[in-house]
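In: Next input, structure requested:
(2 chains)
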Amino acid sequence: MVSTSADHFHDGPLTDVEVRRIRNDFPILDQQVNGNTLVYLDSGATSQKPVSVMEAEQEFYEQRNSAVHRGAHTLAVAATDVFEDARSTVAAFVGAADNELVWTANATAGLNLIAYSFGNASTGDVTPEARQFAVGPGDEVLVTEMEHHANLVPWQELCRRTGATLKFIPIMDDGLLDMEAAAALFTSRTKVFSFTHVSNVTGVINPVVELARMAHDVGALVVLDACQSAPHLGLNVKALDVDFAVFSGHKMLAPTGIGAVYGRAELLDAMPPFLTGGSMITTVTMEHAAYLPSPQRFEAGTQPISQAAAFAAAVNYLSETGMDRIHAWEAALGQRMVAGLEAIPGIRVLGPAAGTARAGLAAFEVDGVHAHDVGQFLDAAGVAVRVGHHCAQPLHRRLGLSASTRASAYLYNTTAEVDAFLAAVAGVRPYFGITGD
Amino acid sequence: MSALDSLYQQIILEQAKARRGADLPNHQLAGEDLPAGTGQCHQLNPVCGDEITLRVETSGGGADRAVSGIHWAGDGCSISMASASILSELVVGLGAGEVQGMIDNFREVMRSRGKMQADEEILGDAAALSGVSKFPARVKCAMLAWVAAEDALRQTA
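Out: Numbering: from 1, shown residues only, chains lettered A, B, ... in the order given. Have a look, this model is predicted:
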């Protein structure tokens, strides 16, 4: 392929100059915390929002607010257009068709939607096409040892309700999935395989295509937790060949209260609903109801409409910046964090060592200082990080810890911020009077 | 003194390392077959994983009973460990009512958002923890052992 100079300019990671310009779009970043300039490294928990996203939500309420998919008045039509245009935008962002994207409150709600719908297919009187989602005694649901609780507990509950068995692919000491063990765990009993694309603790990026193929080879449905990947990598659910995927808006520049489930169209149209009620039905009698096709089938009740408008503005912001360039920038920040942390005495980084691919985040243990105290010390220096088990207790237990400290970057973080974070971490053990390596 | 230094006073860092009273043996963690006058409670802060199992031994019985021993096992941040250590030193030998009064006072100070000055006459070394009250996210860390002690003490009645 011939590359023009303009194309070339848009290759590779963002530059420091571009990131400084991006930061102007995020007013919250320009503030002092405890007498220091804020260094926000907690985007893995929730991202900050650009002005365009906040304006999209405000514009909706100032100009178009109305209920969608009901009412014949002008505002109702305008609101419905905003809502469905937003669906098209977010669906296209992950490579899905419009009718393959269901709004949910967040990724947790999305995973519960899938697990509960499978549960509904497993009990009672269901349509023949819904039986493909049924699990019961003798069937297995497979997850991994690195899952966020949101992609573990709903499956524990599904297994408890249906009598299916939950199994997991273990991780190795460096946080990577044990692919040898994985090969033996996929059997004809495996009905569902649900796993994370990117670990929110170790930053490990799982080989989705290979894992999805292993699952499909045994006839299992594949669910991808894309919560930590959709914001940071160019995601294409068709290329990854997963059957379902979930993600949260608030981790990718959008407001809280909105997320999405991707599902292959023929699966969503065959799957029994989870939440039922208004807006998801065709004909209702006192005894019975028939359901709309996807996506309305899974959208009972009034939906997060202004949030959808803002979610579209968020993915437009990401697309215009360029997901490949964002990913490359964050990967460089992640490597800088890990290399810097490894050079500080008494610090152990969880997950792959410097030089191995990881997302733009690093969780670590400080020998002799509890994560909560580390976070408090960093906060006093203006550095915002996450402390605790990051909703991944089994992963921490596997790595011999109860808690860790995590710094997670996004497109608006600079190398200078990573360096400020590293300088603050270097001060932790001296402050708490811990010496030695 | 910076807010951080008022949180992490030297006495707190020293107590967190010393972990006085942290001698509850593993086989007693389940709290089975507790002798009369003994109570035990497990407390967990799910936010950060801080955890404590604390046993209160009393003698004398009835309303006049006195705390004769505190034994605990736990893991957590310096605030939660220092708080358990200080508590263990403070309450042995005191009457049950007196201990409950101390717990009530400590809770009030912790919840004051820095507005209430701790009285050393009442709280002894635990007054050093009053800096915690300015950090709402850490109050639960400081309270963990005290909540466990309160519940365990109630069981001895």
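In: Give me the contact status of the longest helix belonging to chain B with chain A.
Out: The longest helix of chain B (DSSP state H) is helix B:139-155. Yes - using C-beta under 8 Å from any C-beta of the partner chain, we find that helix B:139-155 touches chain A at B:C141. To be clear about C-beta, it is placed using only N, CA and C from the backbone, and glycine gets the same treatment.
In: Stretch B:20-39 now?
Out: No - contact of stretch B:20-39 with chain A (C-beta under 8 Å from any C-beta) is absent, the minimum separation being 14.6 Å.
In: returning to what we had before: elements contacting the longest helix of chain B?
Out: Secondary-structure packing of helix B:139-155 (3 or more C-beta pairs under 8 Å, 6 or more residues apart in numbering or on different chains; DSSP states H and E): strand B:38-45, strand B:50-59, strand B:66-75, helix B:78-91, helix B:96-110.
In: next one: that helix to chain centre, how far?
Out: Using C-alpha atoms, centre = their mean, to the nearest Å, the distance from the centre of helix B:139-155 to the centre of the chain it belongs to is 6 Å.
In: Go through that helix and flag the buried ones.
Out: Buried residues in helix B:139-155, defined by neighbour count with 16 or more other C-beta atoms under 10 Å in any protein chain shown: B:139-153, B:155.
In: so which of those residues would you say is closest to chain A?
Out: Taking C-beta to the nearest C-beta as the measure, chain A sits nearest to B:C141 out of the buried residues of helix B:139-155, at 6.6 Å.
In: The closest one is in contact with B:E51, isn't it?
Out: No - using C-beta atoms under 8 Å, B:C141 is not in contact with B:E51; the gap is 11.3 Å.
In: residues bridging contact with those two, i.e. touching both?
Out: B:45, B:76 (C-beta atoms under 8 Å, 6 or more residues apart in numbering or on different chains).
In: Please list the residues of chain B that sit near chain A.
Out: When proximity is defined as C-beta under 8 Å from any C-beta, chain B approaches chain A at B:2-4, B:7-8, B:13, B:47-51, B:75-79, B:135, B:138, B:141.
In: mind running it again at 10 Å?
Out: Where chain B comes near chain A, counting by C-beta under 10 Å from any C-beta of the partner chain, the residues are B:2-5, B:7-8, B:10, B:13-14, B:16-17, B:45-51, B:75-81, B:135, B:137-138, B:141.
In: Quick check: ChimeraX command selecting the buried ones in the residues you listed.
Out: Written as a ChimeraX command, the selection of buried residues from these, which uses 16+ other C-beta under 10 Å, is:
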select /B:3,4,7,8,13,16,45,48,49,50,51,76,77,78,79,80,81,135,138,141
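In: was I right about A:A183 contacting A:M214?
Out: Yes - if you go by C-beta atoms under 10 Å, A:A183 and A:M214 touch, sitting 6.9 Å apart.
In: Who has more neighbours out of these two?
Out: Neighbours were tallied for A:A183 and for A:M214 using other C-beta atoms under 10 Å in any protein chain shown; the higher tally belongs to A:M214 (21 against 10).
In: tell me the contacts of that one?
Out: Contacts were defined as C-beta atoms under 10 Å, 6 or more residues apart in numbering or on different chains; by that measure A:M214 touches A:142, A:169, A:179, A:182-183, A:185-186, A:190, A:193, A:207, A:220, A:222.
In: buried sites along the helix or strand hosting it?
Out: Assigned by DSSP states H and E, A:M214 belongs to helix A:208-217. Of the residues in helix A:208-217, those with enough neighbours to count as buried (16+ other C-beta under 10 Å) are A:208, A:211-212, A:214-216.
In: Show me which pair in those is furthest apart.
Out: A:V208 and A:H216 (11.9 Å; C-beta to C-beta).
In: overlap in contacts of those two?
Out: A:222, A:241-242.
In: Go through those residues and name the one nearest B:S130.
Out: For these, the closest approach to B:S130 (C-beta to C-beta) belongs to A:V242, at 52.9 Å.
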